[in-house]
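# here is a sequence together with a model predicted from it:
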Amino acid sequence: MYERVTSTLGNRPDAISHQEMRQRQKDFCSELPTNSVAIIANNPVSIRSRDTHHRHRFNSYLHYLTGWHGEEGVAVFHHSDGNWNCRLYVQPRDVEKETWTGRRPGLEGALSGWPVDEATSRYELAENLPKMLSNCEEIYHIEGLDASVDEIVKQALRDEPLDPRLILDNLRVIKSEREIELMQHSADLAAYAHIEAMRECKVGMGEWHMQSIIEGCFLYHQSEWAYPSIVGSGDNATILHYNENKDVMIDGDLVLIDAGCEIDGYASDITRTFPVNGKFTEAQKDIYELVLKSQLAGIEACQAGSPWSSMHNATSKILAQGLIDLGILDCTFEEALGDSFNGLYRQFFMHGTGHFLGLDVHDVGGGRQGDGKPERILTPGMIVTIEPGLYFGAWREDIEIDSKWAGIGIRIEDDVLITENGPVVLTAKCPKEITEIEALVGSN
Ligand code: GLY
Ligand code: MN
Ligand code: MN
């Protein structure tokens, strides 16, 4: 009898407290030079069709600093000689508009319900902000979110504004205890959603049925997807961002599901790959075991004090050697691996080993950083994904492979917390051993 495994999901942790957001504001403002202003606007609303909009998702920086989600919300921070102030510009109450588009906290509601010093009508921004900017030394602003703020900043400046993300990303990259609790809950819910999909999976079901089980599970728990769910069976699994999810799942094929949810904005990101009929073929098993070995090595490399690249170095060496051992690559290990980004094995593993995870699924902080900065050192409180894969698209004209591997696409992805005592796999509740998967798939 079908029963939601998510009934065992624990209580949802409380959202980030106002006290914690105040501390974030303080940490942020203390990095701003004296007499500077930082403006953090919400994401724009985008049109889906004519007068219907895409579901709005708050801006992660605004959420991080204030928890405010209201459309057209703008937070303005002023820092001077160690004192700082956060003023939130919001839409004022308007019963007529609220009747159509929903209740607004208004100015009083914003001031009493959010961790800010002042709340002002959004309609006063055009008058207030230019005055404030004309009296400050430095302006921090993220362009491209709110056109009217962009215009005000442009009028106030001859040069480009400074980028507040350079400061905020360093704060966001290390997660607090509460953030970790929220991300653990997000990981648990996504794990259970994958388990439900595995239990329900039968030959002849559509990829969209898997998607509906997973996303229904998110919705049932007042969550939603953190990124469009990928359900790719057969050759579709070899297309990295496939999310049409429109094909019927066939006997003998694998299905790759990459799906995660959000809890208070915090993402989970899980990929599992399993046989539609519940039993791996020998060829599928060979590739699955290799990807799993590589993934476990990647997780083991998640040690505090290690450089970011150690995770990719660990996964890539195993994949390169494994492809030679299986006879898929006929070359030396050095040729297979290259510098780990250009070896022959990259024909079959073309993406990175992982990324930071947090309020954005591809979270801020950039492990390799670039711009001449050194790569990041793994530090307790960081959360990363480890997600090696191998893809042998039968449709690919650029690769030559034995037909027994054609149409196999496998990725295994977990979310990992870096701690002083080694890696903690937040998504450990989601099975990935072959025996566990074979027992689970189609078992309902
Ligand atoms: N789901 C997106 C990723 O794995 O990076
Ligand atoms: Mn990922
Ligand atoms: Mn993913």
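The structure has been received and is ready for your questions. Ligands and ions are numbered 1, 2, ... in the order given.
# now the nearest residue to residue 150 once chain neighbours are set aside: which helix or strand?
The spatially closest residue to residue 150, leaving aside those adjacent along the chain, is residue 143, at 5.5 Å (C-beta to C-beta, 6 or more residues apart in numbering). No exception for glycine: its C-beta is placed from N, CA and C like everyone else's. Residue 143 belongs to no helix or strand when assigned by DSSP states H and E.
# from memory residue 143 sits against residue 152, does it?
No: contact criterion C-beta atoms under 8 Å: residue 143 and residue 152 do not qualify, at 11.7 Å.
# ok, now how distant is the residue nearest to residue 150 from ligand 2?
27 Å (C-beta to the ion, to the nearest Å).
# around ligand 1, which positions in the stretch 151-300 of the chain sit nearby?
Proximity of the stretch 151-300 of the chain to ligand 1 (C-beta under 6 Å from any ligand atom) is limited to residues 227, 258, 269.
# and residue 415, that one's in a helix?
No: Residue 415 is assigned strand when assessed by DSSP: H, G, I helix; E, B strand; the rest coil, not a helix.
# give me the number of residues near it?
Using other C-beta atoms under 10 Å, residue 415 has 28 neighbouring residues.
# and if you look at residue 204?
What residue 204 shows, counting by other C-beta under 10 Å, is a neighbour count of 10.
# how close does it sit to residue 277?
Residue 204 sits 10 Å away from residue 277 when distances are taken as C-beta to C-beta, to the nearest Å.
# likewise for residue 395?
For residue 395 relative to residue 277 (C-beta to C-beta), the value is 22 Å.
# picking up where we left off before, which one of residue 143 and residue 152 has more residues nearby?
residue 152 (22 against 14).
# wait, doesn't that one sit right on residue 126?
Yes: contact criterion C-beta under 8 Å: residue 152 and residue 126 qualify, at 6.8 Å.
# and residue 34, what does it touch?
79-82, 137 (C-beta atoms under 8 Å, 6 or more residues apart in numbering).
# 10 Å instead?
79-83, 136-138 (C-beta atoms under 10 Å, 6 or more residues apart in numbering).
# what's the answer for residue 442, then?
198-203, 205, 274-279.
# and it, how far from residue 336?
36 Å.
# find the closest residue to ligand 2 in the stretch 301-444 of the chain.
Nearest to ligand 2 in the stretch 301-444 of the chain, going by C-beta to the ion, is residue 385, at a distance of 4.1 Å.
# give me the pLDDT for the residue nearest to residue 150.
pLDDT recorded at residue 143 is 95.
# so for residue 202, what's the nearest residue that isn't a sequence neighbour?
Among residues not flanking residue 202 along the chain, residue 442 sits closest, at 5.6 Å (C-beta to C-beta, 6+ apart).
# identify the residues contacting the closest residue to ligand 2 within the stretch 1-150 of the chain.
Residue nearest to ligand 2 within the stretch 1-150 of the chain (C-beta to the ion): residue 60, separated by 16.2 Å. Contact partners of residue 60, counting by C-beta under 10 Å, 6+ apart, are 43, 168, 172, 265-267, 358-360, 363-364.
# give me the phi and psi angles of the residue sitting furthest away from the middle of the chain.
In terms of distance from the mean C-alpha position of the chain, residue 135 ranks first, at 38.3 Å (C-alpha atoms, centre = their mean). Per-residue torsions, residue 135: phi -100, psi 0 (degrees, to the nearest 10).
# who are the contact partners of it?
Residue 135 neighbours (C-beta under 10 Å, 6+ apart): 35, 37, 78.
# same question, residue 265
15-16, 57-58, 60, 63-64, 67, 69, 179, 182, 186, 226, 358-360.
# what about it, distance to residue 145?
Distance from residue 265 to residue 145, by C-beta to C-beta: 16 Å.
# one more: residue 98?
In terms of C-beta to C-beta, residue 98 sits 24 Å off from residue 145.
# may I see the buried residues of stretch 20-28?
20-22, 24-25, 28 (16 or more other C-beta atoms under 10 Å).
# adding secondary structure, write these out as JSON lines.
What follows is these, written out as JSON lines (three-state DSSP):
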{"residue": "20", "secondary structure": "helix"}
{"residue": "21", "secondary structure": "helix"}
{"residue": "22", "secondary structure": "helix"}
{"residue": "24", "secondary structure": "helix"}
{"residue": "25", "secondary structure": "helix"}
{"residue": "28", "secondary structure": "helix"}
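# got TSV for the residues you listed, with pLDDT and distance to residue 422 too?
As requested, the buried residues of stretch 20-28 are exported to TSV (pLDDT from 0 to 100; distance: C-beta to C-beta, whole Å):
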residue	pLDDT	distance to residue 422
20	98	26
21	98	30
22	98	33
24	98	28
25	98	33
28	98	31
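# closest to ligand 1 among those?
Comparing the buried residues of stretch 20-28 against ligand 1 with C-beta to the nearest ligand atom places residue 24 closest, at 25.5 Å.
# surely the closest one meets residue 172?
Yes: in this structure residue 24 lies within contact range of residue 172 using C-beta atoms under 10 Å: 8.8 Å.
# what sits against the single nearest residue of the stretch 101-250 of the chain relative to ligand 2?
Ligand 2 sits closest to residue 227 of the stretch 101-250 of the chain, with a gap of 8.4 Å, by C-beta to the ion. By C-beta under 10 Å, 6+ apart, the contact set of residue 227 is 241, 243, 258-262, 267, 269, 360-362.
# go with 7 Å
Contacts here follow C-beta atoms under 7 Å, 6 or more residues apart in numbering; on that basis residue 227 touches 260, 361.
# how much space between it and ligand 3?
Counting by C-beta to the ion, the gap from residue 227 to ligand 3 is 7 Å.
# got it, and residue 49?
28 Å.
# show me what that residue bridges to in the sheet.
Beta-bridge pairing of residue 49 under DSSP bridges involves residue 52.
# three-state assignment of the residue of the stretch 301-444 of the chain closest to ligand 2?
Assigned by three-state DSSP, the conformation of residue 385 is strand.
# repeat that for residue 298.
Residue 298 - assigned by three-state DSSP - is helix.
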